[in-house]
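Participant: Model the structure of this input:
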Amino acid sequence: MSKPTTEQTILIKRVRGWMMFDWATQPFYTLGLTFIFGPYFAGTAAEYYLSRGLDLTTANANAQSIWSWGQALAGLIVAVMGILAGAYADSTSRRMPWIWASSLVFVICSWMLWYMVPDGSAMWSSLFFFSIAFIAAELALVFTNAILPSLGDSQDVGKISGNGAALGYAGGLLSLFIMLFFFFDEGGKTFGLGLEPGFGWLDAQNREGTRAVGPLIAIWFAIFMLPFFLWVREGKTPNRLGGLRRSLADLRHTLKNMVKRPSLFAFMGAQMFYRDALNGLYAFGGVYAVLVLGWGQTQIGVFGILGGLSAAIVTQISGKYDQKLGPLPVIYFHIYVLISVSLCIIGMSRDSFFGLALQEGSALPDVMFYICGAAIGGSGGGIYAASRSMMVRHTNPDRPTEAFGLFALAGKATAFLAPLLIGLFTYWLNDARLGFAPVVGLFILGMLLLRWVHPNGDQ
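Facilitator: Numbers count the residues shown, from 1 in each chain. Take a look at the predicted model:
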């Protein structure tokens, strides 16, 4: 076997460095959004409303509603800023400064989640910091994804995208193990090992073990982004003339031309709906477990472990099928799985399953939701990696950041829609379970629009 050339070695390190972004950021989504902070926030908010005299059902509905409003607003901001910042970065040929700036904001705001005390007094400020961290993570993702087309051809990109996402989910799973075994403090002891939270340095009564999720996310990111910043380099191309005015003109031109590209236009529309529905499942899965099934953090931890394992395995397998069959069949398959999961969530409660009464204490809802968690993890990772690969097939090589700004726009332009609809349905029906109903409709709309997407893109 011949020794790799210097250029090949640089490319290999560049690919590995690029994939480390997923490893560095995934704990925010795994620990922050879905399995630790989100459920903790919902439980704390519900207790706060109960202490204000509301009944249990209304308190739970209010807790889910305010979490959804925060997600909706953050998604709307990402939708606007992602495409504008992407267009500006392409017009100036500079992306790394944006990643540095977003990373700094992300670390600071993630750390601030430590101050979400259990009496609910910091509820609104914690929701603010979480939302800003979410915006920063998503903006960094726009510029990182723009580097993907330069890492290989269309077939290689599918595998690289799948492997990167799978690595990210593995990192999320490892961070979840660390959080549960050494910090999580339900009942005053850590999950599985039964240790004092933080090796006895943290106060379980004030939920400091759970609140340590913020500093853990921040430290993890700061350490594991180092390979990215060391190995992923921008070219020495000087900044183009025109700045903001030129970038806005280029963006208008791109948006006008998108209408003339039916495959890209349909793909953007499809993503708006199915990725928004998926984000709804991510953001509210743990919240649902707490408010509807009455799960404690131990059960949510097992749920997260199953989801993380499934995500790491299924996403890598999906990357291989993407390389073999192309991304479109992979996307279709995972949408069908996620529709089935959503229907199961809507039809299930603690005492019934699709209208059939269950015996008191039945384990069926718990078992079914564990299966749902594994399916959400696996299909969520697979559909995202395949969508990223499909975007490469629609990307203008001269303006990749703008293209992935559009990709973020497609994922976030209606990112407020799922949380907004979940919040409205929860409020109108006064039921956290039935509040999930709009998710099914969003998945179906996305699948219908995929009919006009060409399997090989339009390049």
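Participant: And the strands in the protein, which stretches?
Facilitator: Assigned strands in the chain, in chain order: 352-353, 356-357 (criterion: DSSP state E).
Participant: Pick the most buried one from those strands.
Facilitator: A comparison of those by mean neighbour count, using mean count of other CB atoms under 10 Å, puts strand 352-353 on top with a mean of 14. Bear in mind the C-beta positions are built from the backbone N, C-alpha and C, glycine included.
Participant: Off-centre distance for that one?
Facilitator: A distance of 29 Å separates the centroid of the chain from that of strand 352-353, by CA atoms, centre = their mean, to the nearest Å.
Participant: Stretch 8-23 now?
Facilitator: Taking the mean C-alpha point of stretch 8-23 and that of its whole chain, the gap between them comes to 21 Å (CA atoms, centre = their mean).
Participant: Give the buried residues for that stretch.
Facilitator: Buried residues in stretch 8-23, counted by 16 or more other CB atoms under 10 Å: R14, V15, R16, G17, W18, M19, M20, F21, D22, W23.
Participant: Please apply the same query to stretch 46-55.
Facilitator: By neighbour count on 16+ other CB under 10 Å, the buried set for stretch 46-55 is A46, Y48, Y49, L50, L54.
Participant: Could I get the contacting residues of the last one?
Facilitator: The reference is to L54. Taking CB atoms under 8 Å, 6 or more residues apart in numbering as the definition of contact, the neighbours of L54 are N62.
Participant: Over to the second one?
Facilitator: Y48 makes contacts with D119, G120, M123, as judged by CB under 8 Å, 6+ apart.
Participant: So which of the residues you listed belong to helices?
Facilitator: Filtering these for membership in helices, criterion DSSP state H, returns M123.
Participant: count of neighbours near Y332?
Facilitator: One way to gauge burial is a neighbour count; for Y332, by other CB atoms under 10 Å, it gives 13.
Participant: quick one, longest helix in the chain?
Facilitator: In the chain, with assignment by DSSP H, the single longest helix is helix 56-92.
Participant: And that helix, how far out from the chain middle?
Facilitator: For helix 56-92, the separation from the chain centroid amounts to 12 Å (computed by CA atoms, centre = their mean).
Participant: What is it packed up against?
Facilitator: In this structure, helix 56-92 makes packing contacts with helix 37-51, helix 123-145, helix 243-259, helix 262-291, helix 400-412, helix 417-429, judged by 3 or more CB pairs under 8 Å, 6 or more residues apart in numbering; DSSP states H and E.
Participant: pretty sure S175 contacts L31?
Facilitator: Yes. In this structure, S175 sits in contact with L31. The criterion is CB atoms under 8 Å, and the distance is 5.9 Å.
Participant: what do these two both touch?
Facilitator: With the criterion set as CB under 8 Å, 6+ apart, the overlap between the contacts of S175 and L31 is L216, I217.
Participant: Of these two, which one has the most company?
Facilitator: When S175 and L31 are compared on other CB under 10 Å, the one with more neighbours turns out to be L31, at 27 against 24.
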